[in-house]
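**Q** give the three-dimensional model of this entry:
(2 chains)
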Amino acid sequence: MDVVHLWKAYGDKLVLRDLSFSAPPGVTCIEAPSGGGKTTLLRIILGLEKADRGRVEGLEGARLAAVFQEDRLLLHAAAIENLTFVRAGEEEAAAELLEELGLPLSGQPVAEFSGGMRRRVALARALLAPSDALVLDEPFTGLDTQSRAACLACLRRRGEGKVVLLASHNPQDARELDARVVRLPAI
Amino acid sequence: MFFWLAVWQGFALLVGEELLLPGPIDAAWSLVLLMGSVSFWQAAGYSAARILGGFFLAAAAGVLCAACGCAFRAVRELLQPLVDVMKAVPVASFILLALMCVPSRKLPLLISFLIVFPTVYGNVLEGSGHAEAQLLEMARVFRVPPARQIRSIYLPQVMPYFRSACSLSLGLCWKAGVAAEIIGLPAGSVGERLYTAKIYFETPELFAWTAAVVALSALSERLILGLMDRFSGGMGGA
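**A** Alright, predicted model coming up:
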């Protein structure tokens, strides 16, 4: 996947200025401080926003899966139902993934989950969905050390061979995932 | 409840004339006698079939039109004046206008439809407008099929609005439906029996029929909302 001369502004506020980089299969970590344009870049890659100038190449027709800045879960539904929402009929694979991430298989609605548990459900959903590329916006926010380690291991295993874009403000994420790093320049 | 029955009985004793104001005991006895006759059940069945028929048709049409209105702005704009007119025109005007072109036996069905449709349409449209944009965006990224989106995102959002519309309009459709029967006088209906009781000064029977209508309305509301709760309880998941 290639990002080619991307520009984006909201009114007078320039968010991305002539950004270019390549992301081959494997993890590419996009680092920037808060408000540095990471989420905007990921939203453009997901096709949810249009760039003012420039383009994203190599994702034409590709299936994308994402962890958004917000969890965006079906709060009335159980964790497993949130997973099968994006991949119907895969209850067994969904249950296996939930177990890997230390999440309960009960019918408890995710509305009753803690913030960290919801984040893990959001990551599990992205990992279960059929995809060629993963777009992850701060997927480890609010996780304790143990849950974070489980998530990292799971991502390493299940993200293999895919283009994985990981927005993070924590440099440790890139080191532990052995990722390429793209630093968004301060504007 | 007992307090108000006692107040009623007190007033009846004060008036002292059964023709003007029968007491609750007289009305209840009259109802018991009515319920023993086949014609009571026939009239109740006749009116329930038409009034609830109108309710179900309007509920289906309201949901369908709201779904189209949610998807296409043009449909919404096209239907809005019609819905506004349906809400504003007095029920009695509708009944009199409808009597000119609709046989009286179909009148309760039509009036019930006209009362229920705008409420269901408006509520369902409002509920679907509240479907979370972020969840719809998520479903778009994951390429979730529309049927699954409707089931897991729209339905949980819309159901409380639909339930509240049904609860409100069930009572109204019985009121308006029986009023239509009293004006149109379709043979064998509850409305016709109410009118006859009034003409012949059978006041206890008039009260008994009124109580029967209240009971039928409450029963149908309880039954339909109960079924709806059961359905939405089993639907919660993805």
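
**Q** could you pull up the residues touching the residue nearest the centre of chain A?
**A** For chain A, the residue nearest the mean C-alpha position is A:Leu136 (1.2 Å; Cα atoms, centre = their mean). Neighbouring residues of A:Leu136 by Cβ atoms under 8 Å, 6 or more residues apart in numbering or on different chains: A:Ala66, A:Val67, A:Leu123, A:Ala126, A:Leu155, A:Val164, A:Leu165, A:Leu166, A:Ala167. From N, CA and C alone the C-beta is placed, and that goes for glycine too.

**Q** quick one: which of the residues you listed is nearest B:Leu168?
**A** Among these, A:Ala66 lies closest to B:Leu168 (Cβ to Cβ), at 40.5 Å.

**Q** how near is the closest one to B:Arg193?
**A** For A:Ala66, the distance to B:Arg193 equals 64 Å [Cβ to Cβ, to the nearest Å].

**Q** what do you get for B:Gly69?
**A** Here the criterion is Cβ to Cβ. By it, B:Gly69 lies 40 Å from B:Arg193.

**Q** ok, now A:Glu96?
**A** Applying Cβ to Cβ, the value for A:Glu96 to B:Arg193 is 66 Å.

**Q** which strands or helices does the helix or strand of chain A with the lowest mean pLDDT pack on?
**A** Across the helices and strands of chain A, mean pLDDT, DSSP states H and E gives its lowest value to helix A:171-176, namely a mean of 89. The contact analysis (3 or more Cβ pairs under 8 Å, 6 or more residues apart in numbering or on different chains; DSSP states H and E) places helix A:171-176 against strand A:26-31, strand A:163-168.

**Q** looking at those strands, which is nearest to chain B?
**A** strand A:163-168 (13.2 Å; Cβ to the nearest Cβ).

**Q** who are the contact partners of A:Cys27?
**A** Careful, residue A:27 is Val and not Cys. A:Val27 sits next to A:Leu155, A:Gly159, A:Val164, A:Leu166, A:Ala174, A:Leu177, A:Asp178, A:Ala179, A:Arg180 when contact means Cβ under 8 Å, 6+ apart.

**Q** bridged to the residue nearest to the second one when sequence neighbours are not counted, which residues?
**A** This points to A:Gly159. By the measure of Cβ to Cβ, 6 or more residues apart in numbering or on different chains, the closest residue to A:Gly159 outside its immediate chain neighbours is A:Leu134, 5.7 Å from it. Judged by DSSP bridges, the bridge partners of A:Leu134 are A:Ala65, A:Val164.

**Q** so what's A:Leu134 up against?
**A** By Cβ under 8 Å, 6+ apart, the residues touching A:Leu134 are A:Leu64, A:Ala65, A:Ala66, A:Val67, A:Ala126, A:Leu127, A:Leu155, A:Gly159, A:Lys162, A:Val163, A:Val164, A:Leu165.

**Q** the second one touches A:Ala129, doesn't it?
**A** Yes: checked against Cβ atoms under 8 Å, the pair A:Ala65 and A:Ala129 is within contact range at 4.0 Å.

**Q** who touches both of these two?
**A** Contacts common to A:Ala65 and A:Ala129, judged by Cβ under 8 Å, 6+ apart, are A:Val86, B:Phe142.

**Q** comparing those two, which residue is more hemmed in?
**A** More neighbours surround A:Ala65 than the other of A:Ala65 and A:Ala129, with 25 against 21 (other Cβ atoms under 10 Å in any protein chain shown).

**Q** phi and psi next, for B:Trp174.
**A** phi -70, psi -40 (degrees, to the nearest 10).

**Q** so which residue is smack in the middle of chain B?
**A** Note: chain B centre (Cα atoms, centre = their mean) maps to B:Leu170, 2.5 Å.

**Q** now do the contacts for it.
**A** The neighbours of B:Leu170, taking Cβ under 8 Å, 6+ apart as the test, are B:Phe55, B:Ser217, B:Ser220, B:Glu221, B:Ile224, B:Leu225.

**Q** do B:Phe56 as well
**A** Taking Cβ under 8 Å, 6+ apart, one finds nothing in contact with B:Phe56.
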